[in-house]
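# take this sequence and fold it.
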Amino acid sequence: MSIVVTLCLLFLLLAIGLPVALSLGLAGAFGLWMVGGSEIMLGILATAPGSAISSYELLTIPMFLLMAEFMVASGISNTLFDAIACWTARLRGGLGIATAATGAAFGAISGSSTAAAATLSTSSVPSMIRQGYDPRFASGIVAISGTLAMLIPPSIAIIFYGLLSGTDVGKLLIAGLLPGIGVTMTVVVTIRFMIWRNPGLSPETGQSSWADKVASLRIAGPFIGLFILVTGSIYLGVATPVEASALGAMGAMLLTLSFGRLSWRTFLRVLQNTVATSAMIGLIIVCASFLGYFLTITGATRALIAWISESGVHPQFVLLLLILLYVVLGCFLDQLSILILTVPVVHPLIVSLGFDPIWFGILIILLAEIGMVTPPVGLNLFVVSRATGQPVSDVVIGVIPHIIAHLILIAIMIVFPQIVLWLPNSM
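Numbering: from 1, shown residues only. Next up is the predicted model:
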């Protein structure tokens, strides 16, 4: 009974618009009071914050956020689209393909889906519309391309899953690489398929000189070098995720300095943005730990695993139900909220059923990507709508084909889990 009451309170607090961290903290504290009284509640509230943020790998989050802030300050993120568009100009739908590639590249810089969508909305959508692209088609490409930041390492969502589940963060980050490339190619194939079905969505091919292509390498080169430094050092075992994130932050700072963009004012703004975002994420982790202790004390997870084991339900059927659950949750919650609410319960269940936790973590992130572009609360839909001035309904129409393509990719990953597991198993 206490579990039902606590979860109802949590969803009520979220429904009335209370911040996620406060909703988790209040619901968790109330649940602890129900099952153990004020003494246990106060004891856990006093000790849980220290243990919740004492994880060494938690340092990857502020370091990768710092790297992202420096890369934004360097100006590379604003010119990546133009640099990539030089190489795709001769293809039908080349600007759309460049948008998808830029979304993947921006993911390697920031790991923030909404930031990627906002940046792409102000750079690629106006360019596509000026060249005669259908506005709904263009906005759909941007909305789905922004979600690539959740999967391409360094991904804050992947790190979050690793911290919540106790799964190796380094292997998770590397595991996201091939699926990230696969999702990018899925977006590109979907763009080409839609243009083949309806050539009016995109104009004829454009032109780009070799001089422009060579000049674009001066922009893309430092970015590629930094990505190889971070991801390559983790894959080769040269550095831990924390050390790699620190190398990435330092490399981004040196790039910003070399471009002449690093003033004291910029440096302080970068630090302020990093600290503010890190503090917000830290507060969410602390408050989520209250709910985690409540679930542990009540034995809810153990009871769920025992019930499923005794019922004889096939593991694949349980997996299908979980996928449907994540699709539904994605329509109403952001990705971090979904991870916080579900991973402490679902992760032990998945392991008990014999599924690989690394594979399932990437699957969750892919499902969260779909949630970012599904109404009524798909954040990327509203980000793109606000930045481009298009109605949300037009953005939804433009992104529906990409959602279908994503679901097909998820089905392929379920049938062939080695797509996810090959790289981390070869580390």
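
# can you pull the phi and psi angles for Gly260?
Reported as degrees, to the nearest 10, the phi and psi values for Gly260 are phi 70, psi 20.

# which residues sit in contact with Leu421?
Contact partners of Leu421, counting by CB atoms under 8 Å, 6 or more residues apart in numbering, are Ala175, Asp356, Ile358, Trp359. For the C-beta atoms, the positions are set from N, CA and C on the backbone; glycine is no exception.

# again with Thr296
Thr296 neighbours (CB under 8 Å, 6+ apart): none.

# which helix or strand contains it?
Element membership for Thr296, per DSSP states H and E: helix 264-298.

# what is the distance between that helix and the centre of its chain?
16 Å (CA atoms, centre = their mean, to the nearest Å).

# buried residues, it. List them.
Residues of helix 264-298 classed as buried by neighbour count (16 or more other CB atoms under 10 Å): 267, 270, 273-274, 277-278, 281-295, 298.

# is it possible to get JSON lines of the contacts of Leu421 that adds neighbour count?
As requested, these are exported to JSON lines (neighbours: other CB atoms under 10 Å):
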{"residue": "Ala175", "neighbour count": "29"}
{"residue": "Asp356", "neighbour count": "18"}
{"residue": "Ile358", "neighbour count": "24"}
{"residue": "Trp359", "neighbour count": "20"}
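
# so which of those residues belong to helices?
Within the contacts of Leu421, residues falling in helices by DSSP state H are Ala175, Ile358, Trp359.

# distance check, Phe160 against Ser74.
Going from Phe160 to Ser74 by CB to CB, to the nearest Å gives 26 Å.

# sorry, that was for Ile181
25 Å.

# show me what the helix or strand bottoming out on mean pLDDT in the chain is packed up against.
When each helix and strand of the chain is scored by mean pLDDT, DSSP states H and E, helix 300-311 comes last, with a mean of 71. For helix 300-311, the packing partners by 3 or more CB pairs under 8 Å, 6 or more residues apart in numbering; DSSP states H and E come out as helix 335-352.

# residues of the helix it packs on that come out buried?
Buried-residue list, helix 335-352, by 16+ other CB under 10 Å: 335-344, 346-350, 352.

# again with stretch 223-240
Buried residues in stretch 223-240 (16+ other CB under 10 Å): Phe223, Leu226, Phe227, Leu229, Val230, Thr231, Ser233, Ile234, Tyr235, Ala239, Thr240.

# could you dump these into a markdown table and include secondary structure, pLDDT and distance to Pro126?
Listed next are the buried residues of stretch 223-240 as a markdown table, based on DSSP: H, G, I helix; E, B strand; the rest coil; pLDDT from 0 to 100; distance: CB to CB, whole Å:
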| residue | secondary structure | pLDDT | distance to Pro126 |
| --- | --- | --- | --- |
| Phe223 | helix | 77 | 22 |
| Leu226 | helix | 82 | 27 |
| Phe227 | helix | 82 | 27 |
| Leu229 | helix | 86 | 33 |
| Val230 | helix | 86 | 31 |
| Thr231 | helix | 85 | 31 |
| Ser233 | helix | 88 | 37 |
| Ile234 | helix | 87 | 36 |
| Tyr235 | helix | 85 | 37 |
| Ala239 | coil | 88 | 40 |
| Thr240 | coil | 88 | 41 |
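
# residues near Ala52, how many?
Residues lying near Ala52 (other CB atoms under 10 Å) number 20.
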